[in-house]
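J.: coordinates only, sequence not included:
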């Protein structure tokens, strides 16, 4: 506690100094982070192999490559993101100017995840740095080799007065949650997410929860090369990322009953080169595997009489992090978009939405809330401050008492943005004064 208190005090002092608010500091930290992953690539590969058995290709695709892409994207756009944006001001307030000024939230806490212990720890950090915050990073203790590596190398590259990494288990997490933060970012399960949110509520701390959920695949009637491509992408989306241990990994497939045998046979052929997967055809819907996130190499296939029944099947359950739908039917696509709710929808592929910096990544309902990636990461760790610049020229007297019918009509027209009516009202008032003067 004493060490943590000193660390927090230093982080808050660094933030108050304004050091992290400048573009130069942010860019320097992002370049240092790029250097970190480039110079320690071999060590990262080894740590991921020890913790999760990842092949270097998979490790680069899902971890190192994600971090480098994200940092480079932020470096290319950070000055534009930081720049004030023009805000629209009613003509009634002329002469005035409005702007929206992005400012960092302060000192933030980021919880990494064990299944992608490099990318899901450093990618949110990129957003926090880009926005100009000071940060405490808590990697997952369930990936101890990666946690230890990050703890050792991050202080060698990044500003230790602004970015600190703290290792430990649930007891350390509990101590961290007792502190007052300006933002908490958590990636993990809905069960732990509710604990994070409860702790944050004590200090009214804003949170971003990137949680999991049962992400379905809807497989419409396809044939030939389209069907083979769909099955290959389904297999890759289920068993490719960390043997199914991914929040956006496929949880089950919805398919018409008459196509199920073909699907199973194609999957059997497709997955011979992967791991030892298990396919479950029509398991009981009240079974644990159909109510909880699987996070493993098991794939339930649910058969339906009509593929349109998949809409109700999904809608009757908690909102998923993502929906994958393989179809060439535009009407059915529109139906999926209009009649289901999910963090995202990907048509005719799996997982690839995660690397799209131009699309927000996040859940809805039980699958989490808040969003990040690219500019959305910057926004997540920023506050958009509204700024109004007024002139001393022209005074709106009707906003002050004493009240009369004229002032009521003036305010009524002002709130309806009826500037023509306001002008006519003022002209009418002028004519009345003129008549009174003639008398």
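T.: Thanks, I have the structure now. In this text, all values refer to a predicted model and were calculated from it rather than measured experimentally.

J.: and residue 290, what is it in contact with?
T.: 214, 252, 283, 284, 300 (CB atoms under 8 Å, 6 or more residues apart in numbering). Just so you know, the C-beta spots here come from the backbone N, C-alpha and C atoms, and that holds for glycine as well.

J.: Can you tell me how far the third one is from residue 169?
T.: The span separating residue 283 from residue 169 equals 34 Å under the rule CB to CB, to the nearest Å.

J.: With neighbour numbers in mind, choose between the two.
T.: residue 283 (15 against 10; other CB atoms under 10 Å).

J.: Tell me the secondary structure at the more buried one.
T.: coil (DSSP: H, G, I helix; E, B strand; the rest coil).

J.: How about it: what's its closest non-neighbour residue?
T.: residue 300 (5.0 Å; CB to CB, 6 or more residues apart in numbering).

J.: Whatever helix or strand that neighbour lives in pairs with which strands, parallel or anti?
T.: Here residue 300 sits within strand 298-304, counting by DSSP states H and E. Strand 298-304 has the following strand partners under DSSP bridges: strand 252-256 (parallel), strand 278-281 (parallel).

J.: Tell me which of these sits most buried.
T.: Highest mean neighbour count of the strands paired with strand 298-304: strand 252-256, a mean of 22 (counted as mean count of other CB atoms under 10 Å).

J.: picking up where we left off before, need the strands paired with strand 298-304 in a markdown table with distance to residue 32 and mean pLDDT, can you?
T.: Below are those laid out as a markdown table (distance: least, CB to CB, whole Å; pLDDT from 0 to 100):
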| stretch | distance to residue 32 | mean pLDDT |
| --- | --- | --- |
| strand 252-256 | 42 | 97 |
| strand 278-281 | 44 | 88 |
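
J.: Ok, which of those strands comes nearest residue 51?
T.: Nearest to residue 51 among those is strand 278-281; the distance by CB to CB comes to 23.4 Å.

J.: Give me the residues contacting that closest one.
T.: The contact list for strand 278-281 (CB under 8 Å, 6+ apart) reads 260, 264, 267, 268, 289, 297, 298, 299, 300, 301, 303.

J.: what domains does the record give for this structure?
T.: 2-211+372-386, 216-362, 406-438 (automatic domain parsing).

J.: centre of the chain versus stretch 5-22, how much separation?
T.: Relative to the centre of its chain, stretch 5-22 is centred 25 Å away, using CA atoms, centre = their mean, to the nearest Å.

J.: In it, which residues are buried?
T.: Buried residues in stretch 5-22, counted by 16 or more other CB atoms under 10 Å: 7, 8, 10, 11, 14, 15, 19, 20.

J.: Do I have it right that the fourth one meets residue 134?
T.: It stands for residue 11. Yes: Residue 11 is in contact with residue 134 according to CB atoms under 8 Å; the separation is 4.2 Å.

J.: Now for those two: what residues contact both?
T.: Counting by CB under 8 Å, 6+ apart, the residues touching both residue 11 and residue 134 are 107, 162.

J.: that older thread, tabulate the buried residues of stretch 5-22 in TSV, adding columns for distance to residue 26 and pLDDT.
T.: What follows is the buried residues of stretch 5-22, written out as TSV (distance: CB to CB, whole Å; pLDDT from 0 to 100):
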residue	distance to residue 26	pLDDT
7	21	93
8	21	94
10	19	97
11	16	97
14	13	98
15	13	98
19	10	96
20	7	98
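
J.: Would you map the strands across the stretch 251-400 of the chain?
T.: Secondary structure of the stretch 251-400 of the chain (DSSP state E, counting those that start in this stretch): strands located at 252-256, 278-281, 298-304, 322-326, 344-347, 368-369, 382-390.

J.: now stretch 397-412: mean pLDDT?
T.: Averaging pLDDT along stretch 397-412 yields 89.

J.: What's the local residue count around residue 352?
T.: Residues near residue 352, counting by other CB under 10 Å, number 12.

J.: Look up how far residue 340 lies from it.
T.: Taking CB to CB, one finds residue 352 at 20 Å from residue 340.

J.: same check, this time on residue 98
T.: 38 Å.

J.: just residue 206 next, same as before
T.: 27 Å.

J.: Between the two, point out the one with more neighbours.
T.: Neighbours around residue 206 and residue 340, counted as other CB under 10 Å, are more numerous at residue 340. The numbers are 20 against 16.

J.: for the closest residue to the more buried one other than its chain neighbours, what are its contacts?
T.: What sits nearest to residue 340 in space, not counting adjacent residues and going by CB to CB, 6+ apart, is residue 314, at 5.2 Å. Contact analysis of residue 314 by CB under 8 Å, 6+ apart lists 216, 218, 254, 320, 323, 340, 342.

J.: Contact partners for the residue positioned nearest the centre of the chain?
T.: Nearest to the geometric centre of the chain sits residue 371, at 2.0 Å (CA atoms, centre = their mean). Shown in contact with residue 371 (CB under 8 Å, 6+ apart): 208, 360, 361, 362, 379, 380.

J.: Make a markdown table out of the buried residues of stretch 5-22 and add distance to residue 247 and secondary structure.
T.: As requested, those are exported to a markdown table (distance: CB to CB, whole Å; DSSP: H, G, I helix; E, B strand; the rest coil):
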| residue | distance to residue 247 | secondary structure |
| --- | --- | --- |
| 7 | 29 | helix |
| 8 | 29 | helix |
| 10 | 33 | helix |
| 11 | 29 | helix |
| 14 | 32 | helix |
| 15 | 30 | helix |
| 19 | 34 | helix |
| 20 | 30 | helix |
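
J.: for these, which one is nearest residue 198?
T.: Distances from residue 198 to the buried residues of stretch 5-22, taken by CB to CB, are shortest for residue 8, at 20.8 Å.

J.: How many residues are close by the residue lying closest to residue 84 once chain neighbours are set aside?
T.: Spatial nearest neighbour of residue 84, chain neighbours left out: residue 99 (4.4 Å); criterion: CB to CB, 6+ apart. Using other CB under 10 Å, residue 99 has 15 other residues around it.

J.: Over to residue 52?
T.: 21.

J.: now the residue lying closest to it once chain neighbours are set aside: how far from residue 115?
T.: Using CB to CB, 6+ apart and skipping residues adjacent in sequence, the residue nearest residue 52 is residue 242, 6.2 Å away. Distance of residue 242 to residue 115, computed by CB to CB: 5 Å.

J.: repeat for residue 155
T.: 25 Å.
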